[in-house]
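Visitor: sharing a sequence plus its predicted fold:
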Number of protein chains: 2
Amino acid sequence: MDAEKVRRAPSIRDVAKLAGVSHQTVSRVLNDSPSIKPATKQRVLDVMNEVGYRPNRAARALVTSRSNTIGILTAQTTAHYGPTTSVNAIQVAAREAGYMVSTTSISSLSPEGIIEGLEHLVEQSIEGLVVIAPQERVFDAIRSLSIRVPLVTLDALGTDAARSLSVDQIAGARMATRHLIELGHRDIVHVAGPRDWTEAEGRMRGFLDEMRSADLSLIPPVLGDWTAQFGYHAGKELAGFRDFTAVFAANDQMALGILHAFAEAGIRVPEEVSVVGFDDIPEAAHFWPPLTTVRQDFAELGRRAVALLLSELAGESDLDHAAVRPELIVRRSTAPPRGGRS
Amino acid sequence: MDAEKVRRAPSIRDVAKLAGVSHQTVSRVLNDSPSIKPATKQRVLDVMNEVGYRPNRAARALVTSRSNTIGILTAQTTAHYGPTTSVNAIQVAAREAGYMVSTTSISSLSPEGIIEGLEHLVEQSIEGLVVIAPQERVFDAIRSLSIRVPLVTLDALGTDAARSLSVDQIAGARMATRHLIELGHRDIVHVAGPRDWTEAEGRMRGFLDEMRSADLSLIPPVLGDWTAQFGYHAGKELAGFRDFTAVFAANDQMALGILHAFAEAGIRVPEEVSVVGFDDIPEAAHFWPPLTTVRQDFAELGRRAVALLLSELAGESDLDHAAVRPELIVRRSTAPPRGGRS
DNA sequence: GTTCGAAATGTGAACGTGCACATCGACGAT
DNA sequence: ATCGTCGATGTGCACGTTCACATTTCGAAC
């Protein structure tokens, strides 16, 4: 009513005065403390509503030394489907739990770039951190900064620096490989992801495990960079050799590039060569031919990351943290090999 | 040295004591005030380093009532390539300018969902807001909340509620359409985006403008939802009619679905029907056939959004805010029509 | 040596909230 | 009637920083 002063947001003291109570009572209403008379509570709430009171986060953070914020560190690769989906899920889950989310994407994968990004997050006194940049050097940076907040990593193999949460990459890769073997393929080539990505490592391991247990001889894998562009070049290269009947690409984008190269070279998929991808991006169902691939539930992963973080913040650090099982999606890019050896 | 107390982060007073100066002097070092003797400054910096001092953001925010944070509101559609790329660019640019970024993705496009997301951001007392959810109802929500911070919108047509920044959708759509017309197509069908997306609206408008100025008769456009899935169904439908020789899809994903449907129906692209997309996602170059499309520089858009926001925060609200020009990328999904009328 | 102004530094209060503790009143048991 | 207990509310301070203003220091000019 008598707001003759300049524009200053109303504080709990203003509300208190208008409601005829002490500021502490208002504070109690805010944190809904048990011992408060319903009538006073209502009166305070009414006043708040009337004057448009909004709690000041900074003041609260200062006194409680809790920021109510969790940080996300992502590689720029978030332009990829999976990480983005996870990030979205994290944001929604965090908001539901009353947390804010501060995201930082690191522009370069150099140690300086990584450290800069981490510093930026740490300075915000985040309470928890989710890392979606599963490269070893990122973990090195984390260790070197000795970050002391709960930390969850997505899509990585268990690294000691962090609690990691992931779709079981090895199992997924084994499914894909076994599918090809069961169709009768014996000469399978793997187009892998970059060496220092733990996801790439996991998929490679699964592939190798399955090949070994089927006692098949190995064609040296090709190391790629996840892009369709690379897949295309690798595919052109491979088209020259033809010492294989199936390709297992470490992600759908590279698979797409490979399909492109094969189409150009006149190699028919799946009649002459089968191709399998990984991730099941929404577009994969509409590649030509529609891609057989391994589906990962990225959103579920994001939600679990938040759950894990919150439980750790609450001190109950023994939540379910098993790997999420992937799922094989068979479409039309795989078929038995021509000469059907097996 | 004598940190016998519990773990409490050192404050400027602690630093001051150790350096033998007043807390205000330390504060001056922090904000590098001009009048401070280099020697004392160095001494203070040394102590800071030694005790691992980190400024407390909350305290600073409380007293200055500035949060140093900008908010991003995105639709879940951020799983799409464009928005994600822009978000990343915003994060990098904001960090360079010393700002934090708090992102909220709205889970549902219902009015409640939108308002909930906005409230969540406003409660963090953000200093500026970038909205990447160019639906009219989002702007309605913004208006209804009478948000009072600088606001920039991406990918939208000029809406009065906000300063908008965009790639010129109309020009892009005209380029795509003109390309088809110049090849000799006369019967072109447009598979559009959802009605209340301003981007979809812009592309539709550009298409209609160009068709009218070439004096061509119109096939009623199909209204889609941006997904490859929809494109596929629309493509199957269209395959039955064949009263067109070219399709202009409002984005690359839908174009992909259309290619899929046509491949299944045995319609050869581009020999029988030409297809054009929009966005130039990295995969578009590897569709089969490689897709002719309109490239947008999403990262540039993100950077400009931050620049615009910062200039507005600084009071100089007259920065360049012209539309970014898109670029036509001709690949192999377009060719002259069979009967070559023109 | 005195004076003066500018440079360098110090002092105290404020920002808005939560915490620890104090106070007040009512009600039941003795 | 007295005391203790418990529910409901109030009081004062602390959090770590910046701001406005006060004070000291220093060098140069007289």
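Guide: The structure has been received and is ready for your questions.
Visitor: do the strand or helix carrying A:V47 and chain B meet?
Guide: According to DSSP states H and E, A:V47 maps onto helix A:38-51. No: against chain B, helix A:38-51 shows no contacts by CB under 8 Å from any CB of the partner chain, the least distance being 13.7 Å. Placement of C-beta: from N, CA and C, glycine included.
Visitor: equivalent analysis for stretch A:138-146, please.
Guide: No: residues of stretch A:138-146 are not located near chain B by CB under 8 Å from any CB, the shortest gap being 10.6 Å.
Visitor: that stretch: which residues count as buried?
Guide: A:138-139, A:141-142 (16 or more other CB atoms under 10 Å in any protein chain shown).
Visitor: contact partners for the closest residue to A:A284 other than its chain neighbours?
Guide: For A:A284, ignoring the flanking residues on the chain, the nearest one in space by CB to CB, 6 or more residues apart in numbering or on different chains is A:L291 at 4.3 Å. Listed by CB atoms under 8 Å, 6 or more residues apart in numbering or on different chains, the contact set of A:L291 reads A:252, A:255-256, A:259, A:275-277, A:284-285, A:331, A:333.
Visitor: which among those gets closest to DNA strand C?
Guide: Taking CB to the nearest atom of the strand as the measure, DNA strand C lies nearest A:D252 of the contacts of A:L291, at 47.1 Å.
Visitor: quick one: the nearest residue to that closest one once chain neighbours are set aside from B:W226, how far?
Guide: In space, and not counting its chain neighbours, A:D252 is closest to A:G277: 4.0 Å by CB to CB, 6+ apart. Distance of A:G277 to B:W226, computed by CB to CB, to the nearest Å: 22 Å.
Visitor: between the two, who's got more neighbours?
Guide: With neighbours defined as other CB atoms under 10 Å in any protein chain shown, A:G277 and B:W226 compare such that A:G277 has more, 30 against 22.
Visitor: so how many other residues sit close to the residue lying closest to A:G20 once chain neighbours are set aside?
Guide: In space, and not counting its chain neighbours, A:G20 is closest to A:R43: 7.7 Å by CB to CB, 6+ apart. A:R43 has 17 neighbouring residues, counting by other CB under 10 Å.
Visitor: repeat that for A:P34.
Guide: A:P34 has 5 neighbours, counted by other CB under 10 Å.
Visitor: what does the one 3 residues further on give?
Guide: Other residues near A:K37 number 9, with proximity taken as other CB under 10 Å.
Visitor: now swap in the one 4 residues further on and tell me
Guide: By the other CB under 10 Å criterion, the neighbourhood of A:K41 contains 18 residues.
Visitor: repeat for the one 5 residues further on
Guide: With neighbours defined by other CB under 10 Å, the count for A:D46 comes to 13.
Visitor: show me what contacts A:L313?
Guide: For A:L313, the contact set (CB under 8 Å, 6+ apart) comprises A:127-128, A:150.
Visitor: name the nearest of the buried residues of stretch A:138-146 relative to DNA strand C.
Guide: Distance to DNA strand C, by CB to the nearest atom of the strand, is smallest for A:I142 among the buried residues of stretch A:138-146, at 30.0 Å.
Visitor: thought A:V152 was touching that closest one, still the case?
Guide: No: using CB atoms under 8 Å as the test, A:I142 is too far from A:V152 to be in contact (11.7 Å).
Visitor: A:N49 versus the residue nearest to A:G20, what's the distance?
Guide: The gap separating A:R43 from A:N49 is 11 Å, by CB to CB.
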